[in-house]
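Just to be clear, the model below is a prediction. Sequence and coordinates:
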Amino acid sequence: MESPLNNARKGTNGYDFLKKQNNESNYISNIVDQCFNKKFSFEISEIWELPLKSQENNALDEEFDKKTYERWQIDELEELKYKLNGVKSKLNSYNFGDWHKHTRSRNPAGFVMRDLKNFEIELLTQAWCKFFELLNVYNIVPANNKKTFRSFHLCEAPGAFICSLNHFLKLNYPSLEWRWCASTLNPYHEGNSLDEMINDDRFISKTLKNWWFGEDYTGNLRHPCNLDNLKKFASTLGPIHLVS
């Protein structure tokens with residue numbers, strides 16, 4: 001039995017086959033384009049105002065920090081969690097290696113990170129890919145900024161956004177002077193919960209002087225003292241062009 005590709009050289013059946021292939025390829029390309037073209041813009045509204053700081057709010061914050069509260073939860077979500085875990089438990093009888101191989105094969109973008117490893121990328125993660133796409137799609141780094149570019153990265157561990165920005169700047173703005181700072185939960189503070197921190201300090205340990213951990217050295221932005229300290233610290237850096 002001849003393959004359809006051989007028939008393509010002989011007559012209409014082969015032409016129809018190639019035409020169908022081309023139509024399917026165009027259909028897939030259109031779907032991909034639709035995904036990449038999902039862009040949303042938000043205009044600043046006059047009614048968006050941060051609450052003013054007051055002594056009353058400060059007292060409430062201090063009182064909140066001192067108390068221990070029961071874990072907050074939504075019953076409907078807890079029920080969904082229970083059902084989801086029930087479904088996931090059905091995988092217990094399967095070989096995990098085979099299952100992960102199957103799920104990886106179903107990811108249409110699974111080859112992206114594999115191929116990017118050929119380009120000597122530092123700290124390659126999905127977050128790295130996400131930020132690199134944003135940098136290329138949007139005018140985040142102004143073309144006329146030829147001297148100094150300053151960025152501040154919040155909740156940044158393990159540092160993929162910084163590494164992604166570094167790669168982008170080296171490729172497109174090799175002469176640009178870049179100064180950056182970042183914050184995250186301090187991985188070296190014994191008071192921080194291991195469940196909340198990112199257990200990866202490969203990048204942080206090599207760039208520690210660029211990291212800000214706040215007044216109490218926890219790096220926790222939910223602590224009011226650190227929010228005040230962050231504003232003071234940021235004001236010493238000069239104009240900041242990018243916050244992530």
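All right, it came through fine. If you're wondering where the values come from, they're calculated on a predicted model, not measured in any experiment.

so His100, which of the three states?
Here His100 is helix, with the state taken from DSSP: H, G, I helix; E, B strand; the rest coil.

could you show me where the helices are in the protein, in order?
4-7, 12-36, 55-66, 75-88, 96-105, 110-116, 126-137, 160-172, 224-235 (DSSP state H).

most neighbours per residue, which of these?
Across the helices of the chain, averaging neighbours per residue (mean count of other Cβ atoms under 10 Å) puts helix 160-172 on top, at a mean of 19. Where you see a C-beta, it was placed from the backbone N, CA and C, and this is true even at glycine.

Let me see the mean pLDDT of that helix.
Helix 160-172 carries an average pLDDT of 94.

just stretch 77-85 next, same as before
94.

just stretch 141-148 next, same as before
73.

what's the answer for stretch 37-55, then?
Mean predicted lDDT for stretch 37-55 stands at 74.

now swap in stretch 215-235 and tell me
The average pLDDT for stretch 215-235 rounds to 87.

Please compute how far it lies from its chain's middle.
Centroid separation for stretch 215-235 versus its chain: 22 Å, with Cα atoms, centre = their mean, to the nearest Å.

Minimum distance to His189: which of the helices of the chain has it?
For the helices of the chain, the distance to His189 is smallest for helix 224-235, at 12.0 Å, taking Cβ to Cβ.

Output the contacting helices and strands for that closest one.
If you count contacts as 3 or more Cβ pairs under 8 Å, 6 or more residues apart in numbering; DSSP states H and E, helix 224-235 packs onto helix 55-66.

Now with 10 Å, please.
helix 55-66, strand 148-153, strand 177-183, strand 211-212 (3 or more Cβ pairs under 10 Å, 6 or more residues apart in numbering; DSSP states H and E).

Lys206 reaches Ile162, doesn't it?
No. Using Cβ atoms under 10 Å as the test, Lys206 is too far from Ile162 to be in contact (11.4 Å).

With distance to Ile47 as new columns, can the helices of the chain be given to me in a markdown table?
Below are the helices of the chain laid out as a markdown table (distance: least, Cβ to Cβ, whole Å):
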| stretch | distance to Ile47 |
| --- | --- |
| helix 4-7 | 62 |
| helix 12-36 | 32 |
| helix 55-66 | 20 |
| helix 75-88 | 30 |
| helix 96-105 | 44 |
| helix 110-116 | 40 |
| helix 126-137 | 27 |
| helix 160-172 | 30 |
| helix 224-235 | 23 |
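
Quick one, which of these gets closest to Tyr188.
helix 224-235 (16.0 Å).
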